[in-house]
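[1] A predicted structure for the sequence below; I have some questions about it.
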Amino acid sequence: MNTRKLWVVGAGIGLVTLTAFISQKKAQLTRIIEQLQFRVSGIRNVQLSWQHIALELDIQLRNPTQEHLNINTGFISAKELRVYEKKTGKQLAFTKLNTHQISIPSGGMYQLPPTHINLPVLTVGQLVFEELQKKQQDFIKALRFELDVATLGNTRTVQF
């Protein structure tokens with residue numbers, strides 16, 4: 001065999017190996033992303049005006065799998081968060097996120113950067129009033145959240 005044939009064979013083997021590695025990594029990411037659990041872990045910096053209630057939500061991601069999720073590139077990112085009223089399905093707020101560095105150990109948590117949203121005062125007042133009538137004081141449970149997560153060119157909407 002001459003040197004040129006060895007280079008072609010070596011490059012072919014390298015390309016096949018790289019393709020297999022990328023395919024395996026994509027499958028692993030997809031499997032972990034599908035199992036991530038999202039929850040609102042806190043509300044802070046509440047500001048009232050006549051039209052809106054501005055606040056920052058702390059959203060936490062939990063990795064219940066036995067695999068570590070450690071990505072420091074653009075392979076995965078949190079794109080947009082939308083807030084809906086559960087009962088009516090009415091969209092109350094949305095905010096754009098720009099999160100590209102995520103590291104969640106197996107069984108661990110990751111805190112997204114604080115998400116600033118504006119909610120209409122009348123809608124929030126109505127939700128709080130309805131929850132107080134039910135003797136509950138956690139109006140966050142009356143809201144539904146959707147987070148768009150992009151992974152390797154595919155966008156997936158996670159509801160929590």
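    Cool, the structure landed. Model, not experiment: these values are computed from the prediction.

[2] now the longest helix belonging to the chain, how far from the centre of its chain.
    Longest among the helix segments of the chain by residue count, using DSSP state H, is helix 3-35. When C-alpha coordinates are averaged (C-alpha atoms, centre = their mean, to the nearest Å), helix 3-35 and its chain have centres 27 Å apart.

[3] what mean pLDDT does the helix or strand that that helix is followed by get?
    Read in the C-terminal direction, the helix or strand following helix 3-35 is strand 37-48, with elements assigned using DSSP states H and E. Confidence for strand 37-48, expressed as mean pLDDT, is 83.

[4] which parts of the protein are helices?
    Listed in chain order, the helices found in the chain under DSSP H are 3-35, 121-133.

[5] so Glu146 is in contact with Gln159, correct?
    Yes - taking contacts as C-beta atoms under 8 Å, Glu146 lies within contact range of Gln159: 5.3 Å. Yep, even glycine has a C-beta here, placed from its N, CA and C like the rest.

[6] more neighbours: which of the two?
    The residue with the greater number of neighbours, taking Glu146 and Gln159 and applying other C-beta atoms under 10 Å, is Glu146; the counts read 16 against 10.
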